[in-house]
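In: No sequence on hand, only this structure:
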């Protein structure tokens with residue numbers, strides 16, 4: 001009856017260290033197609049000045065969206081790696097709330113940052129035995145709350161609906177994890193390396 005299984009991805013926005021990259025794909029069945037893409041290099045003069053960087057990001061995004069044929073208003077954003085803290089921790093096993101508290105304590109004491117000013121996402125990656133005690137392995141990703149809110153403000157000013165905000169490591173790994181999960185064979189452990 002003409003019902004299409006093709007789906008449209010959110011507009012992917014990468015607020016990178018040296019450029020703003022925007023892309024959208026359509027997918028479904030055996031095909032994936034590029035709907036639109038654009039990029040603008042951040043001038044050297046704006047890279048070290050936070051206010052100038054945000055101003056450039058807003059204008060670049062406006063220009064890219066105006067010139068390309070993006071569809072819809074849903075957007076998924078990538079936080080620049082330089083604004084993301086990544087910690088691999090081994091914590092005593094316990095309730096999930098206890099692990100979150102332990103990560104916050106790590107941010108406060110080891111990284112000397114206020115966890116209430118950060119957006120923190122913890123990913124449990126399994127258990128390990130150390131000195132006869134079970135430990136929970138956790139990868140913690142944290143970014144300044146003010147930076148995230150600034151990127152959301154840039155997007156909403158352009159009438160985009162932000163449906164996700166992710167760190168670069170998660171953005172890089174997720175498509176590959178989904179690809180390998182769809183395959184029936186060769187489900188071994190994978191290591192993804194970003195040579196940036």
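Out: Arrived safely, thanks for sending. A quick note: this is a predicted structure, and the numbers were derived from the prediction, not measured.

In: For the spatially closest residue to residue 147 that is not a sequence neighbour, list the residues it contacts.
Out: Nearest non-adjacent residue to residue 147, counting by C-beta to C-beta, 6 or more residues apart in numbering: residue 83, 5.0 Å away. C-beta: built from backbone N, CA, C; applies to glycine. Contact partners of residue 83, counting by C-beta atoms under 8 Å, 6 or more residues apart in numbering, are 143-144, 147.

In: hmm, which of those are the buried ones?
Out: Neighbour-count burial (16 or more other C-beta atoms under 10 Å) applied to the contacts of residue 83 gives 143-144, 147.

In: which one of those residues is nearest residue 48?
Out: Closest approach between these and residue 48, by C-beta to C-beta: residue 147, at 15.4 Å.

In: how close does the spatially closest residue to residue 62 that is not a sequence neighbour sit to residue 75?
Out: Excluding the flanking residues, the one nearest residue 62 by C-beta to C-beta, 6+ apart is residue 158, at 5.8 Å. Distance, residue 158 to residue 75, by C-beta to C-beta, to the nearest Å: 9 Å.

In: With residue 7 instead?
Out: 16 Å.

In: now do residue 60
Out: Counting by C-beta to C-beta, the gap from residue 60 to residue 75 is 14 Å.

In: which of these two has more neighbours?
Out: Taking other C-beta atoms under 10 Å, residue 60 and residue 75 do not tie; residue 75 has more neighbours (25 against 22).

In: Not counting residues beside it along the chain, what's closest to that one?
Out: residue 160 is the one closest to residue 75 (C-beta to C-beta, 6+ apart), at 4.2 Å.

In: longest helix in this structure, by residue count?
Out: If you go by DSSP state H, the chain has its longest helix at helix 50-67.

In: and of the buried ones among the contacts of residue 83, the nearest to residue 164?
Out: residue 143 (13.4 Å).

In: Go ahead and confirm the closest one touches residue 86.
Out: No - counting by C-beta atoms under 8 Å, residue 143 stays clear of residue 86, with 10.0 Å between them.

In: Now do the shared contacts for those two.
Out: With C-beta under 8 Å, 6+ apart as the test, residue 143 and residue 86 both reach residue 167.

In: show me what contacts the residue nearest to residue 75?
Out: 11, 73-75.

In: Drop anything exposed from these.
Out: Buried, going by 16+ other C-beta under 10 Å: 11, 75, out of the contacts of residue 160.

In: about what we covered before: tell me the one of the buried ones among the contacts of residue 83 nearest residue 50?
Out: For the buried ones among the contacts of residue 83, the nearest to residue 50 is residue 147 (8.8 Å; C-beta to C-beta).

In: what helices or strands is the helix or strand harbouring residue 33 leaning on?
Out: Using DSSP states H and E, the element containing residue 33 is strand 31-41. Using 3 or more C-beta pairs under 8 Å, 6 or more residues apart in numbering; DSSP states H and E as the contact test, the elements touching strand 31-41 are strand 19-28, helix 50-67.

In: Listing partners with orientation, what would you give for it?
Out: strand 19-28 (antiparallel) (DSSP bridges).
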